[in-house]
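Novice: A structural model of the following input is requested.
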Amino acid sequence: MKGKEIAKFVAGFAANQVLTHGALATAGIQFSLLGIAYDQRLNTIAAVVWGIILLLLIYYAWVRR
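Specialist: Model (predicted):
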């Protein structure tokens, strides 16, 4: 499998993370999982970081020649 095809797959996962953390942050849902307390602040940070990763993956997989 080529590197760009793997990047496309991981971009789909990253998009899922952006949407999930973004929705949790917007709704203000708080929960704890495996000892990590997910609050609005952590979900916002996660959505931004995953968003940056997503943009880099999109650039690599579809834009860069």
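Novice: Now do the helices in the protein.
Specialist: Taking DSSP state H, the helices of the chain run over residues 3-27, 40-58.
Novice: Of those helices, give the one that comes closest to residue 64.
Specialist: Closest approach to residue 64 among these (CB to CB): helix 3-27, 8.4 Å. Bear in mind the C-beta positions are built from the backbone N, C-alpha and C, glycine included.
Novice: buried residues in the closest one?
Specialist: Of all the residues in helix 3-27, those buried under the rule 16 or more other CB atoms under 10 Å are 7, 11, 14-15, 17-18, 21-22, 24-25.
Novice: Sketch out the low-pLDDT regions of this protein for me.
Specialist: Along the chain, the model assigns pLDDT under 70 to no residue.
Novice: let's go with 80 and repeat that
Specialist: Across the chain, the ranges flagged by pLDDT under 80 are 1.
Novice: Return the residues in contact with residue 47.
Specialist: For residue 47, the contact set (CB atoms under 8 Å, 6 or more residues apart in numbering) comprises 17-18, 21-22, 25.
Novice: Go again with 6 Å.
Specialist: Residues in contact with residue 47, defined by CB atoms under 6 Å, 6 or more residues apart in numbering, are 18, 21-22, 25.
Novice: hmm, back to that, which single one of the buried residues of helix 3-27 is nearest to residue 38?
Specialist: Within the buried residues of helix 3-27, the smallest distance to residue 38 is 6.9 Å, found for residue 24 (CB to CB).
Novice: Any chance of a markdown table for the buried residues of helix 3-27, columns distance to residue 40?
Specialist: Formatted as a markdown table, the buried residues of helix 3-27 follow (distance: CB to CB, whole Å):
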| residue | distance to residue 40 |
| --- | --- |
| 7 | 30 |
| 11 | 26 |
| 14 | 21 |
| 15 | 21 |
| 17 | 16 |
| 18 | 16 |
| 21 | 10 |
| 22 | 11 |
| 24 | 8 |
| 25 | 5 |
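Novice: mind checking how far residue 23 is from residue 42?
Specialist: As judged by CB to CB, to the nearest Å, residue 23 and residue 42 stand 14 Å apart.
Novice: My error: substitute residue 11 in the last question.
Specialist: In this structure, residue 11 and residue 42 are 23 Å apart, going by CB to CB.
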